[in-house]
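Engineer: with the input below, show me the fold.
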Amino acid sequence: MHSARQRRSAPRTGSTPAVHRAGRRRRTSHRRGRPRRRGRGLLLGLLVAVGLLGPAAYFLTGGRSDASSGAPHPRSTHVPPTTPTPSASPPAGPSPSPSPSASRTEIDVPASGSGTFVTAKASGETVGRGSRPLRYVVEVESGLDISPSQAANEIAEILAAPRGWTRDPDNAFQLVSAGSPHDLTVRIATPATADALCWAGIQQDTGGEYNCEVPGGVVVNLKRWVKGSPNFDGPIHDYRALIINHEMGHFLGHQHVTCGGAGRLAPVMMQQIKGLHGCVANAWPYDENGDFVTGPSV
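Structural biologist: Just a heads-up that it's a prediction; the model follows:
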């Protein structure tokens, strides 16, 4: 068994994430002298090859995709959609109590939405023993039948659970309210908006079905938040825990693994929606004995 990798330190600024994996590279460019006419064809060919290989290199060196999903392979040709711009937050008000027992069918799941977001007016205490807590905000696409504050409180409960990522002493989290400095954003979005955000963030086609981890945070597909997965027959709150724990695991630096053996708990970093492969569905990084649940790398 192994513990979660320690986050790399970085200056805290606004909504800039505190964690980035080393595989993410910034493209650079430089000017070259004017080529001779006979060399233009060769130069153009080289530029085209570099452009095509760039996205492939990203995925081979650790680009993150779906949370509990198993998203399709990235599209080879696509015009990246514009990332939706968050809307202004609503007036402050009392935060409603979380309702983990919400039905899988009582919330409407439109195929697309406004593309703008409302940030939860909710905050909480730091959970976990890490010296540098990840501060996060929760945003819900405007117009949905979900209270941003209620969703934020439910996510905070998941991250504070004894079998969650705080079991690793390096980790700590804090829910902060709209307008506060933060390190990452958790967004709940309609399938079309989630697809747009995932494609813009990591050029991953999530097919209207899946979640993803992108630079600066996590994107949760409303369909998965409300309806769960056919491979997970527990309470919807538990499946939401799988979504958050899987995506947050990516943000902390964990990669996908698969089933460690028939009858064993499925690792939270396994793409359980693709099939359990003999494992038992599980929403938590650690088991009841405090042991990290893992399996072979994929």
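
Engineer: can you pull out the low-pLDDT segments for the chain?
Structural biologist: Per-residue confidence for the chain (pLDDT under 70) gives these ranges: 1-105.

Engineer: what's around residue 197, how many residues?
Structural biologist: 23 (other CB atoms under 10 Å). In this view, the C-beta of every residue, glycine as well, is placed from N, C-alpha and C.

Engineer: cool, and residue 291?
Structural biologist: Neighbour count for residue 291, taken as other CB under 10 Å: 11.

Engineer: the one 5 residues further on too?
Structural biologist: When neighbours are counted by other CB under 10 Å, residue 296 registers 11.

Engineer: dump the residue contacts of the nearest residue to it once chain neighbours are set aside.
Structural biologist: Spatial nearest neighbour of residue 296, excluding adjacent residues (CB to CB, 6 or more residues apart in numbering): residue 258 at 5.5 Å. Going by CB atoms under 8 Å, 6 or more residues apart in numbering, residue 258 touches 267, 270, 277, 295, 296, 297, 298.

Engineer: the last one - how many residues pack around it?
Structural biologist: Around residue 298 sit 10 other residues, with neighbours defined as other CB under 10 Å.

Engineer: that one contacts residue 256, correct?
Structural biologist: Yes. Residue 298 lies in contact with residue 256 (CB atoms under 8 Å); the separation is 4.9 Å.

Engineer: ok, back up a step: dump the contacts of residue 258 into JSON lines; add distance to residue 132 and secondary structure as well.
Structural biologist: Below are those laid out as JSON lines (distance: CB to CB, whole Å; DSSP: H, G, I helix; E, B strand; the rest coil):
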{"residue": "267", "distance to residue 132": "26", "secondary structure": "coil"}
{"residue": "270", "distance to residue 132": "28", "secondary structure": "coil"}
{"residue": "277", "distance to residue 132": "36", "secondary structure": "coil"}
{"residue": "295", "distance to residue 132": "29", "secondary structure": "coil"}
{"residue": "296", "distance to residue 132": "31", "secondary structure": "coil"}
{"residue": "297", "distance to residue 132": "27", "secondary structure": "strand"}
{"residue": "298", "distance to residue 132": "30", "secondary structure": "coil"}
